[in-house]
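> Give me coordinates for this.
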Amino acid sequence: MIEISTLNDIAALAESFEVECKLAAGKDGDGAVPKSFWETYSAFANSHGGEVFLGIKELKGGFEVQGIRNPVKVREDLWNQLNNPQKVSVNLLRDVDVREVEIDGKTILHVHVPRAQRRQKPVFVGSNPITGTYRRQNSGDYLCDPETVKRMLAEQVEDSRDNELLKGYGIEDIDFESFNAYRQMFATLKPDHPWNQAEAQEFLRNIGAWRIDRDSARGSLTRAGLLMFGKQPVILEAFPNYMLDYQERADGDTQARWLDRLTLDGTWSGNLFDFYRRVIKKLTSDLKVPFALKGDQRLEDTLVHQALREAMVNTLVHADFTGRASVYIVKRPDMFGFRNPGLMRVPQEQAIAGGESDCRNRLLHAMFRYVGLGEQAGSGIPKIYQGWDSQHWRPPTLYEKTEPSDQTLLELRMIDLLPEGVAEGLRQRFGQQFDALPKLERLILATAATEQVVSHARLGEITTEHAHDLTLAFQALVRKGLLMTQGQGRGTTYHLPGANFPTPEQAFGASVLPSGEGGSSGHYGGSSGHYSPSSGHYAERSGQSPRSQEGWLDVEGLDRPLVDDLQLLKAEILSELWSTGQAARAKGRMPQADMEQVILDLCRDHYMTLPVLAALLDRKPDPLRKNYLKPLVEQGRVALAFPAQPTDPRQAYTTRDEDQ
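Numbers count the residues shown, from 1 in each chain. Below you'll find the predicted structure:
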């Protein structure tokens, strides 16, 4: 359990772990477990775990110790409720997870809530998982929608999601070109294996792609068999959300046209094995990595090539093909990105350390391993990290997102920790102030420039500095105006002033390299990388509206400027807008009237687009539009920039004169 002895310890924790503070005073002032504790307990357990401090009041920018008069009573009440199945579905705590701590002469209770294992989820309050399951988002506890709860329940009971028989799906649903290519690869790798002599159906049965139903004595494809070798229309019958997408891009601008793409367009089989064969060639075709020698023989299969193969297989075998996100693989001059639908089944730190695995699609994993693709259980992610470390590149980024749907992402950036091009760009931007910063603060700014956003947790993967020192460094950069902050607690992220904050729909961060340039040392793409602000903004692409020196658009027919991109605004204008929105960003929840007032203040002198408002307020765009902007428009307090064209891509909002 984490040692806590001062309020400074709690403040340092708040950006590296989930932290929640509750008064827990009770009606009589002696102390009681607050009702809101159980929502937080459920949310922490279903997310990444967290620390709850009872007897501490959370203030804006700090904490205040109130203490608990009778901690023994509160502890007994806590254990009684934890072991009451009518109160909460499972007790995850041990004795060591609940501890009395004295701070400033007052006693508080420190409750450590561990992350629940897959078979324990969903952890819910009350007796109904649909109405009592919570998850942590942006330092708040949010009730899960029924679809998310049902997916947790399916994950709980199914060790492998791909071994189910698909009754009615037979050999005729196989794409035999893909299947024969697989058999050839198998025979080349294992020429003396007895399965090489088997007929097609028997071979499929041997590898787990086809099986006999013992009750009906009829054979069918398994989920794994159809996904691995099936035809696209048939796969979509069984998996309506199934989607594969590979894109090669010149940079991180998702609005620009891709250079090369492979997706489900009907021109190829659409199955996983075919997707792997086609995409892995594209990923490694022009990878410029120094070849190693074994004796006098050149080894063309480097650790980087192995890492890319492992990353792609890992993406496919861990995908939840019932999820709403696509399998999405991106190749850019500065990085490779891999996304699969579904959250990780083991904690991130455990996956990186290796040794343990909980594969979502075990039959698929076995099929890839039969032909020499994919590592043994628990060793795949470490091999990816090893490959990237062999080139001294920035450590991989492995993370999860729950918006707009559950997904796991892996970013492999081919640039150094502090690329000279990025450092030079930061010098041009901040002048001598950048070189005068301590090394840790320069590393933080370089990471923000390279990866678009940076967090306490991400820096913990890059450096061995103590968590408290990281917190102080982030705070110093914010005070100096060199970093902007968004979110709270573990969800706190930082970005350079004026940088576009990534939307939930954006799978990977922006590129810091100009189109056509690669990472450090000339790997894939050519020369060393140079820092460059993201390009391709709306006005420059469309050529319709002139952009003023202040950075906003002057649109003909509008009486006020239109703000569509925070990154292009002058520093003083941006600073004023961030200051206006600070009250909303500092609070996970805010009274309706207070939020409306902040929106009116932001839109007072400008037309503001929805993405801009969402970034300034730290809110999701759709709820912001539905819950606040739409009612304000209907009340006549806010006006649309283009009321006759509601779907205009420049659509923006401004405060009406009577609300000035």
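> contacts and neighbour counts: CA atoms only from here.
OK.
> Pull the number of nearby residues for A32.
By the other C-alpha atoms under 10 Å criterion, the neighbourhood of A32 contains 24 residues.
> likewise A319?
Residues near A319, counting by other C-alpha under 10 Å, number 24.
> wait, is T654 part of a helix?
No - counting by DSSP: H, G, I helix; E, B strand; the rest coil, T654 is not found in a helix; it is strand.
> mind listing what it touches?
By C-alpha atoms under 8 Å, 6 or more residues apart in numbering, the residues touching T654 are L600, C603, R604, D605, H606, Y607, M608, V638, A639, L640, A641.
> roughly how far apart are the residue lying closest to the last one once chain neighbours are set aside and K22?
Once flanking residues are discounted, A641 sits nearest to A652: 5.2 Å by C-alpha to C-alpha, 6 or more residues apart in numbering. The gap separating A652 from K22 is 39 Å, by C-alpha to C-alpha, to the nearest Å.
> Which pLDDT value goes with the residue with the largest distance to the centre of the chain?
Residue distances from the centre of the chain (C-alpha atoms, centre = their mean) peak at Q197, which lies 45.5 Å from the mean C-alpha position. On pLDDT, Q197 comes in at 96.
> right, and the pair among the contacts of T654 with maximum separation?
The span of those, defined through C-alpha to C-alpha, is set by L600 and A641 at 14.7 Å.
> From what I see, G230 and F273 are in contact.
No - in terms of C-alpha atoms under 8 Å, G230 does not count as a neighbour of F273; the distance is 9.3 Å.
> Which one of those two is surrounded by more residues?
G230 (30 against 22).
> How about the contacts made by that one?
G230 neighbours (C-alpha under 8 Å, 6+ apart): D173, I174, D175, S269, G270, N271.
> can you count the residues close to the last one?
Right, N271. For N271, the neighbour count with other C-alpha under 10 Å is 24.
> wait, isn't it in contact with K231?
Yes - with contacts counted by C-alpha under 8 Å, N271 reaches K231, the gap being 6.4 Å.
> and the next element down the chain from the helix or strand of the chain with the lowest mean pLDDT?
When each helix and strand of the chain is scored by mean pLDDT, DSSP states H and E, helix 538-542 comes last, with a mean of 33. Heading C-terminal from helix 538-542, the first helix or strand you meet, by DSSP states H and E, is strand 562-563.
> Please look at T284 and H305 and confirm they touch.
Yes - counting by C-alpha under 8 Å, H305 is a contact partner of T284 at 6.8 Å.
> okay, the two: which has more neighbours?
Between T284 and H305, counting by other C-alpha under 10 Å, H305 is the more crowded of the two (19 against 15).
> does that one count as helix, strand or coil?
Applying three-state DSSP: H305 is helix.
> Tell me which residues of the helix or strand hosting N180 come out buried.
When secondary structure is defined by DSSP H and E, N180 falls within helix 176-189. Applying a neighbour-count criterion of 16 or more other C-alpha atoms under 10 Å, one finds F176, S178, F179, Y182, R183, F186, A187 buried in helix 176-189.
> and what of stretch 615-630?
Neighbour-count burial for stretch 615-630 flags A615, L616, L617, D618, R619, K620, P621, L624, R625, Y628, L629 (criterion: 16+ other C-alpha under 10 Å).
> Give me the spatial nearest neighbour of A353, chain neighbours excluded.
Spatial nearest neighbour of A353, chain neighbours left out: P382 (6.4 Å); criterion: C-alpha to C-alpha, 6+ apart.
> In the helix or strand encompassing the one you found, which residues are buried?
According to DSSP H and E, P382 maps onto helix 380-389. By 16+ other C-alpha under 10 Å, the buried positions in helix 380-389 come out as G380, I381, P382, K383, I384, Y385, Q386, G387, W388.
> Please list the residues outside that helix that contact it.
Contacts for helix 380-389 (C-alpha under 8 Å, 6+ apart): 303-308, 310-311, 314, 351-354, 374, 394-396, 412.
> Give me the domain ranges for this structure.
Here the domain parsing of the chain from automatic domain parsing is 7-157, 171-413, 420-483+497-511, 538-659.
> Can you tell me which of those is nearest to L165?
Taking C-alpha to C-alpha, domain 171-413 is the member of the domains of the chain nearest to L165, at 4.4 Å.
> centre of the chain versus that closest one, how much separation?
Mean-position distance between domain 171-413 and its chain equals 20 Å (C-alpha atoms, centre = their mean, to the nearest Å).
> got it, and stretch 421-436?
29 Å.
> could you give me the average pLDDT of it?
Here stretch 421-436 scores 87 as its mean pLDDT.
> which of the contacts of helix 380-389 are buried?
For the contacts of helix 380-389, buried by 16+ other C-alpha under 10 Å: 303-308, 310-311, 314, 351-352, 354, 374, 394-396, 412.
> before we move on, the earlier item: can you tell me which of the buried residues of stretch 615-630 is closest to T222?
Of those, the one sitting nearest to T222 (C-alpha to C-alpha) turns out to be K620, at 38.9 Å.
> Excluding chain neighbours, what is closest to that closest one?
Closest residue to K620 apart from its sequence neighbours, by C-alpha to C-alpha, 6+ apart: A614 at 6.0 Å.
> pLDDT score for G518?
On pLDDT, G518 comes in at 44.
> whoops, P382 was the one
The model reports P382 with a pLDDT of 91.
> Same question for S36.
Confidence score, pLDDT, at S36: 93.
> Number the chain from 8, please
Right, with 8 as the first residue, what we last looked at is S43.
> what number of residues lie near it?
Residues lying near S43 (other C-alpha under 10 Å) number 11.
> and if you look at Y660?
So Y660, with other C-alpha under 10 Å, has 27 neighbours.
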